[in-house]
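Chemist: okay, here's the prediction I keep looking at, along with the sequence it came from:
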Amino acid sequence: VEGFVEDPRHIEVQIVGDGTGNVVHLWERDCSIQRRHQKVIEMAPAFTLPDDLRRELHKYAMDLTSRAKYKNAGTVEFLVDKELRPYFIEVNPRIQVEHTVTEEVTGIDLVKAQIRIAAGATLEEVGLVQENISSRGVAIQCRITTENPERDFAPDTGTLTVYRHSAGCGIRMDGVGYSGYTVTPYYDSMIVKYTARAATFPETTARMRRALQECRIRGVNTNIPFLLNVLTHPEFEKGIVTTSFIDKNPELKKVTGAQWNFASNSQSSMKSAIRGEKVLRYLANLAVNGHPPELGADVTKIVKGGRGQAAGSKIILPSMDKAPPKKEGRSNRQILLEDGPDGYAKHVRAQKNLMLMDTTWRDAHQSLLATRMRTRELVNCAEYTNAALADAFSLEMWGGATFDVAMRFLHECPWERLEELREKTPDIPFQMLLR
């Protein structure tokens with residue numbers, strides 16, 4: 001009969017073997033905070049374990065994998081009951097999601113070591129000698145998922161409208177994401193992991209709380225408010241929790257009201273933050289693209305004279321009916337085309353005045369959505385730009401982001417943009433921002 005282990009802690013030992021029976025351990029991790037038996041927050045080492053139990057788990061893990069002549073990185077997992085009795089669960093023969101906390105406290109690159117051993121290196125050749133492997137400080141990892149804690153962690157999908165990472169001393173980020181990234185229901189809901197490291201557990205927890213509060217992910221629900229609830233819970237702050245911690249504290253799932261000190265009240269509720277973001281996005285899109293006809297908008301009643309000026313508006317739009325006079329002699333672009341790069345460089349060196357590179361067009365094209373200018377707006381001012389900046393070294397007016405902005409947001413052809421602006425601005429060299 002299999003025994004029932006009530007309210008255990010989930011402790012796992014990280015090992016690495018080279019297939020010859022030679023195995024080392026890289027200390028242990030506490031992975032007890034779980035929802036539906038899936039880890040959410042992990043820490044290394046399990047600093048509240050008694051030292052004799054820690055050594056016992058290390059020995060169990062090394063004896064088992066050494067006799068099996070285990071090769072590569074792996075994790076030997078245990079449950080520890082209230083009487084501090086360990087129970088073996090399984091060996092995971094792979095790199096775990098939470099390997100980051102082990103790397104942070106030991107300073108060993110597990111992925112690199114695994115690849116070298118797979119290529120035939122021994123532990124000694126990799127530099128893994130047991131007496132040289134120590135654990136320094138405490139590391140905590142939080143898995144950021146697109147889930148709604150108040151709906152029992154139901155996955156959420158959609159497009160990330162804002163995606164800004166936090167950073168700082170002792171903070172590591174592993175993941176992928178960007179504004180515009182689409183979260184689908186077909187894969188795991190985790191999009192990024194944060195790992196915090198410091199000399200003590202309270203300091204590490206403080207760094208993690210700060211990182212989560214400064215992280216900005218909008219457009220979908222995330223578990224960040226839930227993680228902050230966990231990190232500020234008195235039981236967690238003691239460093240001793242069990243696998244039933246979340247189930248026994250259902251208030252942790254309540255994220256509509258803040259249970260921590262947030263610098264901005266608008267960030268305390270994920271629901272209100274997403275609602276506010278949607279309103280701002282709608283207004284910005286309206287400012288750039290106008291009222292959508294498919295929603296019943298009558299453009300003739302909204303726009304006066306077809307010039308983008310709202311009916312009843314007192315805003316006076318500037319107008320210039322006569323183009324400024326063109327520069328006499330050869331233009332800078334003519335010199336570049338006729339004399340080549342060397343000739344243009346000679347011309348630049350001969351100038352007594354400072355020559356400017358103007359970035360206005362690129363900044364205007366790639367600015368915030370509400371102030372972003374389409375090609376047609378730039379074409380309208382191109383003739384005057386050509387005259388006003390006739391002595392400029394260049395116009396830096398496109399780059400890698402030009403394609404992203406043009407095709408994904410403004411729905412324009414970036415090549416046609418270049419052709420139209422080139423035709424209207426024949427005298428100034430164009431410059432591309434290339435990184």
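Modeler: The structure has been received and is ready for your questions. Numbering: from 1, shown residues only.
Chemist: need phi/psi at residue 384.
Modeler: phi -80, psi -40 (degrees, to the nearest 10).
Chemist: same question for residue 242.
Modeler: Phi and psi for residue 242, reported as degrees, to the nearest 10, are phi -120, psi 170.
Chemist: distance check, it against residue 53.
Modeler: Separation of residue 242 from residue 53 (CB to CB, to the nearest Å): 15 Å. Bear in mind the C-beta positions are built from the backbone N, C-alpha and C, glycine included.
Chemist: between those two, tell me which one has more neighbours.
Modeler: Neighbour totals were compared for residue 242 and residue 53, and residue 242 leads with 22 against 17 (other CB atoms under 10 Å).
Chemist: just the pLDDT for that one.
Modeler: The pLDDT attached to residue 242 in the predicted structure is 94.
Chemist: so who does the nearest residue to it once chain neighbours are set aside touch?
Modeler: Closest residue to residue 242 in three dimensions, ignoring its sequence neighbours and counting by CB to CB, 6 or more residues apart in numbering: residue 7, at 4.3 Å. For residue 7, the contacting residues are 81-82, 242-244, by CB atoms under 8 Å, 6 or more residues apart in numbering.
Chemist: mark which of those are buried, thanks.
Modeler: With neighbours counted by 16 or more other CB atoms under 10 Å, the contacts of residue 7 contain buried members at 81, 242-243.
Chemist: quick one: which of the contacts of residue 7 is nearest residue 188?
Modeler: For residue 188, the closest of those turns out to be residue 243, at 20.1 Å, with distances computed as CB to CB.
Chemist: roughly how far does the residue nearest to residue 242 sit from residue 83?
Modeler: Distance, residue 7 to residue 83, using CB to CB: 11 Å.
Chemist: I'd like the next helix or strand past the helix or strand of the chain with the lowest mean pLDDT.
Modeler: Across the helices and strands of the chain, mean pLDDT, DSSP states H and E gives its lowest value to strand 309-310, namely a mean of 47. Moving toward the C-terminus from strand 309-310, the first helix or strand encountered (DSSP states H and E) is helix 332-349.
Chemist: now name the helix or strand holding residue 91.
Modeler: Element membership of residue 91, judged by DSSP H and E, is strand 86-92.
Chemist: need the contact list for residue 402.
Modeler: Counting by CB under 8 Å, 6+ apart, residue 402 has contacts 362, 365-366, 414, 417.
Chemist: and these, which is the shakiest by pLDDT?
Modeler: residue 366 (75).
Chemist: how far away is that residue from residue 433?
Modeler: In this structure, residue 366 and residue 433 are separated by 10 Å, where distance is defined by CB to CB.
Chemist: next one: residue 152
Modeler: Looking at residue 152 against residue 433, where the rule is CB to CB, the gap reads 47 Å.
Chemist: those two: who's more crowded?
Modeler: With neighbours defined as other CB under 10 Å, residue 152 and residue 433 compare such that residue 433 has more, 14 against 11.
Chemist: now that one: how far from residue 394?
Modeler: Between residue 433 and residue 394 the distance, using CB to CB, works out to 11 Å.
Chemist: from what I can see residue 75 touches residue 16, true?
Modeler: No: here residue 75 lies out of contact with residue 16, judged by CB atoms under 8 Å, at a distance of 10.4 Å.
Chemist: any chance of the contacts of residue 402 in TSV, with neighbour count, secondary structure and distance to residue 231 too?
Modeler: Putting those into TSV (neighbours: other CB atoms under 10 Å; DSSP: H, G, I helix; E, B strand; the rest coil; distance: CB to CB, whole Å) gives the following:
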residue	neighbour count	secondary structure	distance to residue 231
362	20	helix	42
365	24	helix	42
366	20	coil	37
414	17	helix	45
417	24	helix	48
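Chemist: residue 57 touches residue 85, doesn't it?
Modeler: No: between residue 57 and residue 85 no contact is recorded; they are 11.4 Å apart, counting by CB under 8 Å.
Chemist: quick one, which of these two is more surrounded?
Modeler: More neighbours sit around residue 57 than around the other of residue 57 and residue 85, counting by other CB under 10 Å; the figures are 23 against 13.
Chemist: nearest residue to that one in space, please, no chain neighbours.
Modeler: Nearest residue to residue 57, sequence neighbours excluded (CB to CB, 6+ apart): residue 13, at 5.5 Å.
Chemist: is that neighbour in a helix, a strand, or coil?
Modeler: Per DSSP: H, G, I helix; E, B strand; the rest coil, the secondary structure class of residue 13 is strand.
Chemist: and what of residue 396?
Modeler: strand.
Chemist: residue 196 now?
Modeler: strand.
Chemist: ok, it - contacts?
Modeler: By CB under 8 Å, 6+ apart, the residues touching residue 196 are 139-141, 170-172, 204-205, 207-208, 211.
Chemist: hmm, try it at 6 Å
Modeler: By CB atoms under 6 Å, 6 or more residues apart in numbering, the contact set of residue 196 is 140, 170-171, 204, 207-208.
Chemist: next one: residue 40
Modeler: Residue 40 sits next to 33, 143 when contact means CB under 6 Å, 6+ apart.
Chemist: got the domain ranges for this structure?
Modeler: If you go by automatic domain parsing, the domain ranges for the chain are 9-277, 332-433.
Chemist: residue 285 is nearest to which of the ones you listed?
Modeler: For these, the distance to residue 285 is smallest for domain 332-433, at 6.7 Å, taking CB to CB.
Chemist: that closest one: end-to-end distance?
Modeler: Start and end residues of domain 332-433 are separated by 19 Å (CA to CA, to the nearest Å).
Chemist: against residue 123, how distant is residue 348?
Modeler: With distances taken as CB to CB, residue 348 is found 60 Å from residue 123.
Chemist: and residue 200, by the same measure?
Modeler: Spatial separation of residue 200 from residue 123 under the definition CB to CB is 31 Å.
Chemist: comparing the two, which residue is more hemmed in?
Modeler: A direct count of neighbours by other CB under 10 Å for residue 200 and residue 123 places residue 123 higher, at 20 against 11.
Chemist: for the spatially closest residue to the more buried one that is not a sequence neighbour, give the beta-bridge partners.
Modeler: Nearest in space to residue 123, with sequence neighbours left out and distances taken as CB to CB, 6+ apart, is residue 18 at 4.8 Å. Bridge pairing for residue 18 (DSSP bridges) gives the partners residue 71.
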